[in-house]
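Undergrad: sequence? don't have it. structure:
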């Protein structure tokens, strides 16, 4: 008999923008574990890189543990993306980048960019980023610059053009961000 049972491991997580003052300690722990411990980035670069004007996003497991983070400047530069090893390959990195993209669109930036390890190239390329320039060596690892032009072709219809549940759907989409 052939065992056809398939095991599905579904991990639930949530991504959100957080203030550094609230989650900075957890973000720093993830950065030090992944970027310093695993990839050899100098601790001075990780510890000193606090920009209170930047946007910080985290991924938290269903039990509230911080399992990933990303930072984006107000100019659209993504950096310090890190996901702890046991939670990789589950869509967390992509969700963090998606959240950064939506924040960049909120600020009407024309593009978003990242200098990422070559190991992450397929993630960025699959998400519509384009490789730019030559591969460069940083902290002992090959890196590449990736740039994504942001699309503003969508139009949110005027509520005067909508009726019933369509109005509440538009209001919900606008209310999700609390910045509109």
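TA: Received the coordinates, thanks. Fair warning: this is a prediction, and the values are worked out from it, not measured in the lab. Numbers count the residues shown, from 1 in each chain.

Undergrad: C-alpha only now, for contacts and for neighbours.
TA: Will do.

Undergrad: could you pull out the helices for this structure?
TA: Ranges of helices within the chain are 20-31, 43-47, 92-106, 121-126, 165-175, based on DSSP state H.

Undergrad: most packed of these?
TA: Stretch with highest mean neighbour count among these: helix 92-106 (a mean of 19; mean count of other Cα atoms under 10 Å).

Undergrad: packing partners for that one?
TA: In terms of contacts (3 or more Cα pairs under 8 Å, 6 or more residues apart in numbering; DSSP states H and E), helix 92-106 is packed against strand 13-18, strand 55-61, strand 66-72, strand 77-83, strand 111-117.

Undergrad: pick the most deeply packed of those strands.
TA: Most buried among those, counting by mean count of other Cα under 10 Å: strand 66-72, with a mean of 25.

Undergrad: how big is the angle separating that strand from strand 77-83?
TA: Angle, strand 66-72 to strand 77-83, by axes from the mean of the first three to the mean of the last three Cα atoms, to 10 degrees: 170 degrees.

Undergrad: strand partners of strand 66-72, parallel vs antiparallel please.
TA: Looking at strand 66-72 with DSSP bridges, its partner strands are strand 55-61 (antiparallel), strand 77-83 (antiparallel).

Undergrad: count of neighbours near the residue lying closest to residue 140 once chain neighbours are set aside?
TA: Of all residues not flanking residue 140 in the chain, residue 40 sits nearest, at 7.6 Å (Cα to Cα, 6 or more residues apart in numbering). Residues near residue 40, counting by other Cα atoms under 10 Å, number 15.
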